[in-house]
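**Q** Attaching a predicted model along with its sequence, questions to come.
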Amino acid sequence: MKKLHWSLLKRLYKFRSRFDVYGRLDRKWLLDNRNWIDQQLIIRRPYEVEQITRCRQLIREHQLQCFFDIGANFGLYSVLLSDEAELSQLHAFEPLPRNAHQLGANLYLNNLDGRVKLYNMALGDRNGNLDLFVDPHSTGVSTLLPNELHRRQEAYQASLQVEARIFDDLFSFSGIRALVKMDVEGAELMVLAGMQQFLKSNQAVLQVETTQQTLDQVDAFMLQAGYRSIGKLGADSYYGNV
């Protein structure tokens, strides 16, 4: 019955304007009723509720100061976690221009454009331009990995070049306490390879969405970097050195 309920709601909202502003989760959101992730908020279907709650617990338990939202999409995490008083800095990275513009709108709607710094770029293991492969039906599954095309050839029908930077070239923090949320659709190792100095020089907790292909490699990388596993929620793995 629940699936039927959500399905009917999605069909109902598709009769509205494609883009509209909605009040959800005590925030204002510019959402696209044709995009899968946006639809979850529009129809009030629980989406990553446990992960957001876990992030709040980690921020408070470990007195974390900075939040890095890597693969921010339209800003669910950055917008919701912006009210955590312990966080003095929030940085959101989103390479797909459409998502970045939507994220910027959501920051503006909630008076957060001065609270969260937005970067319309990818993070990786080298500086330069990279091809981003895009599923036109779901902006949440864009990937930097060409081999993903072989797995879901029909989904990734478009691509564009995006700027990519090495995390350690952008930030030289030392001695801070940080939360890193990473959702980069299979490119986890590329991003982690570019932030090795940061991981070494700071105390951090990471929430990393992994795939079946990358989980073991991410586990090994984090162990080598001095981080222990501190749990899992669905596809998200948690690591920390705090």
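**A** On my side now, so go ahead.
**Q** Number of residues surrounding the closest residue to residue 235 other than its chain neighbours?
**A** Nearest residue to residue 235 in three dimensions, chain neighbours excluded: residue 209, at 5.1 Å (CB to CB, 6 or more residues apart in numbering). Just so you know, the C-beta spots here come from the backbone N, C-alpha and C atoms, and that holds for glycine as well. Around residue 209 there are 21 other residues, counting by other CB atoms under 10 Å.
**Q** Next: the one 5 residues further on.
**A** If you count neighbours by other CB under 10 Å, residue 214 ends up with 21.
**Q** Give me the phi and psi for it.
**A** Phi and psi for residue 214, reported as degrees, to the nearest 10, are phi -110, psi -10.
**Q** One more: the one 5 residues further on?
**A** Per-residue torsions, residue 219: phi -60, psi -50 (degrees, to the nearest 10).
**Q** Please apply the same query to residue 120.
**A** phi -90, psi 80.
**Q** any idea how far it lies from residue 132?
**A** 11 Å (CB to CB, to the nearest Å).
**Q** Same question for residue 239.
**A** 26 Å.
**Q** elements contacting the helix or strand containing residue 67?
**A** In the assignment (DSSP states H and E), residue 67 maps to strand 66-70. Other elements packing on strand 66-70 under the criterion 3 or more CB pairs under 8 Å, 6 or more residues apart in numbering; DSSP states H and E are helix 76-81, strand 89-93, strand 177-182.
**Q** Let's see the first one as PDB, backbone CA atoms only.
**A** Okay, so that is helix 76-81. Extracted in PDB, the C-alpha atoms of helix 76-81 (Å, rounded to 0.1, in the frame of the first residue of the first chain):
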ATOM      1  CA  LEU A  76      20.000  18.200   1.300                       C
ATOM      2  CA  TYR A  77      22.800  17.700   3.800                       C
ATOM      3  CA  SER A  78      24.300  21.200   3.600                       C
ATOM      4  CA  VAL A  79      21.000  22.900   4.100                       C
ATOM      5  CA  LEU A  80      19.800  20.600   6.900                       C
ATOM      6  CA  LEU A  81      23.100  20.500   8.800                       C
END
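**Q** check contacts around residue 58.
**A** The contact partners of residue 58, by CB atoms under 8 Å, 6 or more residues apart in numbering, come to 64, 179, 205, 238.
**Q** again but with residue 17, I slipped
**A** residue 33.
**Q** repeat for the one 5 residues further on
**A** Applying CB under 8 Å, 6+ apart, one finds that residue 22 lies in contact with 28, 29, 31, 41, 42.
**Q** For the residue nearest to residue 139 when sequence neighbours are not counted, grab the count of nearby residues.
**A** Distances taken as CB to CB, 6+ apart put residue 99 closest to residue 139, at 5.3 Å, once the chain neighbours are dropped. As a burial measure, residue 99 scores 23 neighbours (other CB under 10 Å).
**Q** Which helix or which strand is home to residue 99?
**A** Residue 99 belongs to helix 97-109, assigned by DSSP H and E.
**Q** ok, now residue 197?
**A** Under the criterion of DSSP H and E, residue 197 resides in helix 196-201.
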